[in-house]
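*Asks:* Predicted model, plus sequence, below.
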Amino acid sequence: MASTSRPNPLEEDDDGEEEVQHFDDFTLASSWERFISDIEATCRQWLADGPKNLVEKGAIAMEDSKNLYKVKYDLKNVTKSYCMEFYFQIDDNGRQQAGIGNWNSSSHDLQLCFGVKDFLLIAPQSASGVLLDTPESSKLLSSVAIALSNCASLWPAFVPVHDPSRKAYIGIQNMGTVFTRRFEADRIGSQVPVKLMHLEGLYELFVSKFVYSGVDFSMHNFKVHFMMRLTYQTFPDDEEDEENDMDELMDDKADSAEHYGSESRNKVHWDDDCPWSEWYSAEDPLRGFELVVTWADRTVENTLEMAELENASPHEAAKWILHPILSPYLGDPSHGKRIDFASQLLCLVEALDTSFTAQFMEDFVSVENPSSENLKTSVVIPPPTVLDRVVKDLFHEGSKLPDFTKGEHRLSRALKAAPLESLFTQFCLHSLWFGNCNIRAIAFLWIEFVREVRWCWEETQPLPKMPFDGSIDLSTCLINQKLHLLAICIEKKREMNEEFLDCLGSEDSSDDSVSVEELHKVNKRTKKSSEADLQRKRDSSIAEDTSNRLRFERKTEHTNSVNQSPTDAIRRGSAGPVGTMMLLKSRQRLHAPFTQDPPLMTEDMHEERLQAVEAFGDSLNVPGQLEKDILLSDMSAFKAANPDAVFEDFIRWHSPGDWESFEHEATEPSEVPITEGSKDKWPPRGHLSQRMSDQGNLWRKSWNDAPALPADDQKPLLDPNREGEKILHYLETVRPHQLLEQMVCTAFRGSADTLNQTNFGDMKQMTSKLEQLYLIIKSNLGALQRNNLPDRAQTVKDLRRLCVVFEKVERLVTVAASLHRKFLGASRLAQVVFSDFFGIYGPTMGMSSNDEENKSRTDMEVSRQEVSLRERQVVSNLFSPPTANQSWRKVLSMGNLLNGHEPILREIIFSTGDNVNNGIHYAAAADVAATSDRKGEEIETHRMYVSGTSNDLRVALSVTSCD
């Protein structure tokens, strides 16, 4: 029997409560609705602010794009967080740009793929930043589309999907009332189908998106808009290939190895003909070039046209854009180890700072000096072979004098240094690279340098790279002055030796009628003189004294004493009469004599004489004592030219201010001849000045003692033996800091003059910057040109900063030289690229090294430049045909080769459109009626962007439909 039970009222109440608790109240917003509302509110706020206000409120500028900005907002839906970013473009005036070009290099990736302008990007806040769940991505995209539709926004929205490496996106855009665009992008990272490597296959892929799959594409024509952009890049220096070549050649036989050696020695570097290549090889500041070739929009109808385009030359393209790729070291000074003038000059400055610790250069190499032992542990010197090579380059490179004005800037002489091609400058430049320019290596090189200079002196060999005549240039450094004077002394010494040998020859060829006694004397004198000639290396004064004695004996018959009678006097050494001046005691014209040149003196010799004059005041006798040799020489020459002259006549000619004349006396040459017997204006009337009339006057005493000898018969005022030994003593005992101070000045000028020889065309910025460099060097080296440094620490610090400035200018010079060499037939491109680089690099020239290290290397990127038709051949020559080692890695399968170079990136845009009122879109009629201005307008129904290479393909498709 079935039992029945009455319902329990308590249970019924519980069931009623459960039903009430689970009641769905659809008047309350769900989590997705709140999420959509949050998106809508944010978009409305962005629309209300506008681009200009968004920038003022802190919109972030994109690094890779000039005028692209973004704002972002964090969203949260239940347990998951999203980030929504709005990208927009404005011009320099703050106005929103009307549109973007299809090939704008600064465009965002999504702008380039889908041809959009402003857009939204919403992505999850996760490590991958993409949505791997397909339903979630579709739901998220729908939410954004609803929010944008609610606020009447036409912004496209995108969501990243799939794996991040695929760069895949889906998107949607409301075009207005009836049209909607849908976006999809994906990428094949490897194993690209062979068909899709060629333009025909890509054309068929695009046509398949709007044509039935069963249609034979080869039998039908489909009009499609086509644009293509190819990117070429020059091959960088491949070190791996060089190493492989070396390994292969090392495995060959000996003759192959020798062949490789010759090839390596003959390897051409980019700067082989640049002036600094004698000292170092600089890294090419232009690492390569990127060329973007663009084919303009055109209409293709079949695969045959696509095949023709694939075989077309890049020269047929409508537009070329060139982008120079700069070397990383230009923007990052810590990149690798630099070897250039600036780095070695800094080492020389450090050597200067160390040079104050010793008294002589030998102390840095002496084993007895404790400081030398400390140097041995930290610095080394090159092997003897390197030292021999440097000495040979300095002293045994031919006898022809170089051009001392070579490389000289108009401000070079403002630096107290030496000419670029002079011996001391070449020594300083060699020392920069000798043992990395440490003080110990410099000491070794200097000692050997002085030893070679002494050998030239003792062997009477010309001093190389130094003039042996002319006056001493006091604007140069003291060591250069000393070497110049030494070269002159060597030449004087050589001339004296030649005269000595001539005298011996004249004695041997004398008249046969000489007596036996005289012949015996001559032979005895000849024997002694020959022995002296053999010993002149040790005592060079013997040859000089013997030569002078023979010369005086040979000319004894022409020598006149002071008291010689006028009737017996013979005029000798006359340069001609002096105007209408007559002698006081004779009716003869006053003749000006040929005189000896004043003795050459270096700067320190002038200073010694001036100090002596200052010490003795204005005493009349002191200048006479200092100039006694010159005064006696002039008096002797005057007596020889004017045998009947008296002391007053000499004063009238030599010091007219000390002769007080009673009448005007012409000193200029007269056109009217005056006979010797003329009595006009004779005798001249006047008297000596007070200082010349004093008793014990040094000038009168010297006049009485001076013999009547012409300048040719006088003893030379310059004693080459004495002056030469004094110069060598100075070079051997110069203080290290004095040597290094002159070396620093000379090395800076020599380095600057070397850079000044660089041929960089008509780049005015470079010319101006080099001129500024000379002025900066002059201001910083002023302290080194004084005898004592006022503040050694501060001076060394200033010199270090000078090296930084020099490094900046040196880099500018290498960039200018590289551009000029590469664009010899397109100077406009070279100047435009350099001006762009100078505008970026110039502001960093005042930065300290620490600030520069924090500067990103991407800041050194220069802008792209359009190439004109006549410049294309020059640019094409930059892409030299690839070598076997460079081409074996790539399979040439994409076509459009440029001198054998395959494009590293190919970008294509296919598109097709329909007229909005052609009846295809069933909902378009109402839209056309509402907006008559759109009548006949064509909309883009399909667009496909393809980019990649034979091993990488990315496709982005956008389809416009009427929903």
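*Replies:* Cool, got the structure. Residues are numbered from 1 along each chain as shown.
*Asks:* three-state assignment of R954?
*Replies:* Following DSSP: H, G, I helix; E, B strand; the rest coil, R954 is assigned to strand.
*Asks:* looking at the sheet around it, what are its partners?
*Replies:* Per DSSP bridges, the residues bridged to R954 are R187, S947.
*Asks:* you'd agree it is up against V946?
*Replies:* Yes: between R954 and V946 a contact is recorded at 7.2 Å, counting by CB atoms under 8 Å. To be clear about C-beta, it is placed using only N, CA and C from the backbone, and glycine gets the same treatment.
*Asks:* Note down every partner strand of the longest strand that the chain contains and its orientation.
*Replies:* If you go by DSSP state E, the chain has its longest strand at strand 286-300. Strand 286-300 pairs in its sheet with strand 224-233 (antiparallel), strand 319-326 (antiparallel), by DSSP bridges.
*Asks:* Of the ones you listed, which is nearest I39?
*Replies:* Proximity to I39 (CB to CB) singles out strand 224-233 among these, at 34.6 Å.
*Asks:* Give the buried residues for the closest one.
*Replies:* By neighbour count on 16 or more other CB atoms under 10 Å, the buried set for strand 224-233 is V224, F226, M227, M228, R229, L230, T231, Y232, Q233.
*Asks:* Skipping its backbone neighbours, what lies nearest the second one in space?
*Replies:* Of all residues beyond its chain neighbours, the one nearest F226 is V300 (4.9 Å), with distances taken as CB to CB, 6 or more residues apart in numbering.
*Asks:* Give me the phi and psi for the nearest residue to L411 once chain neighbours are set aside.
*Replies:* Leaving aside its sequence neighbours, L411 sits nearest to Y774 (CB to CB, 6+ apart; 3.9 Å). Main-chain torsions, Y774, degrees, to the nearest 10: phi -60, psi -40.
*Asks:* i'd like the first residue to be 534 from this point on
*Replies:* Got it, the first residue is 534 from now on, which makes the last one we talked about Y1307.
*Asks:* Help me confirm that Y1307 comes into contact with L948.
*Replies:* Yes: between Y1307 and L948 there is a contact under CB under 8 Å: 7.3 Å.
*Asks:* coming back round to it: would TSV of the strands paired with strand 819-833 with distance to D624 and mean pLDDT be doable?
*Replies:* Output for the strands paired with strand 819-833, formatted as TSV (distance: least, CB to CB, whole Å; pLDDT from 0 to 100):
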stretch	distance to D624	mean pLDDT
strand 757-766	24	93
strand 852-859	21	93
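*Asks:* and of those, who's closest to Y813?
*Replies:* Among those, strand 852-859 comes nearest to Y813, with 19.9 Å by CB to CB.
*Asks:* what about dumping the CA coordinates of that closest one to CSV?
*Replies:* What follows is strand 852-859, C-alpha atoms only, in CSV (Å, rounded to 0.1, in the frame of the first residue of the first chain):
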residue,chain,number,x,y,z
LYS,A,852,61.2,56.5,-55.3
TRP,A,853,64.5,55.8,-53.6
ILE,A,854,65.1,56.6,-49.9
LEU,A,855,68.6,56.2,-48.4
HIS,A,856,69.2,55.6,-44.7
PRO,A,857,72.9,55.7,-43.6
ILE,A,858,73.6,53.3,-40.7
LEU,A,859,76.1,54.8,-38.3
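*Asks:* Assess the claim that I914 and C970 are in contact.
*Replies:* No: between I914 and C970 there is no contact under CB under 8 Å: 11.1 Å.
*Asks:* and these two? which has more neighbours close in?
*Replies:* Between I914 and C970, counted using other CB atoms under 10 Å, C970 has the larger neighbour count: 25 against 20.
*Asks:* And the more buried one, how far from T836?
*Replies:* 67 Å (CB to CB, to the nearest Å).
*Asks:* hmm, back to that, who's more crowded, Y1307 and L948?
*Replies:* Ranked by neighbour count (other CB under 10 Å), Y1307 and L948 place L948 first, with 24 against 20.
*Asks:* Which residue is the nearest non-sequential neighbour of that one?
*Replies:* Using CB to CB, 6+ apart, the nearest residue to L948 is R1282, at 4.5 Å.
*Asks:* ok, now how distant is that neighbour from L1486?
*Replies:* R1282 is 59 Å from L1486, where distance means CB to CB.
*Asks:* for L878, same thing?
*Replies:* As judged by CB to CB, L878 and L1486 stand 53 Å apart.
*Asks:* now swap in V611 and tell me
*Replies:* For V611, the distance to L1486 (CB to CB) stands at 38 Å.
*Asks:* So between the two, which is more surrounded?
*Replies:* Comparing V611 with L1486 by other CB under 10 Å, the one with more neighbours is L1486, at 21 against 10.
*Asks:* Now do the more buried one, the pLDDT please.
*Replies:* Predicted confidence (pLDDT) for L1486: 91.
*Asks:* is it true that it touches R720?
*Replies:* Yes: between L1486 and R720 there is a contact under CB under 8 Å: 7.0 Å.
*Asks:* Now do the phi/psi pair for C1010.
*Replies:* The phi/psi pair for C1010 (degrees, to the nearest 10) is phi -70, psi 160.
*Asks:* In the stretch 834-983 of the chain, mark out all the helices, start to finish.
*Replies:* Ranges of helices in the stretch 834-983 of the chain, per DSSP state H, counting those that start in this stretch, are 836-843, 874-888, 903-909, 917-928, 956-966, 972-991.
*Asks:* Quick one: list the elements packing against whatever helix or strand comes next after the last one.
*Replies:* Right, the one you point to is helix 972-991. Downstream of helix 972-991, the next assigned helix or strand under DSSP states H and E is helix 1011-1041. Judged by 3 or more CB pairs under 8 Å, 6 or more residues apart in numbering; DSSP states H and E, helix 1011-1041 is in contact with helix 956-966, helix 972-991, helix 1049-1067, helix 1074-1087, helix 1136-1149, helix 1253-1266, helix 1269-1289.
*Asks:* Would you mind listing the buried residues in helix 1011-1041?
*Replies:* Here helix 1011-1041 shows 1011-1026, 1029-1030, 1032-1033, 1036-1037, 1040 as buried, counting by 16+ other CB under 10 Å.
*Asks:* where does N600 land on pLDDT?
*Replies:* pLDDT for N600: 82.
*Asks:* one step back: dump the buried residues of strand 757-766 to a markdown table, plus distance to P657.
*Replies:* Listed next are the buried residues of strand 757-766 as a markdown table, based on distance: CB to CB, whole Å:
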| residue | distance to P657 |
| --- | --- |
| V757 | 37 |
| F759 | 37 |
| M760 | 34 |
| M761 | 36 |
| R762 | 33 |
| L763 | 36 |
| T764 | 33 |
| Y765 | 39 |
| Q766 | 36 |
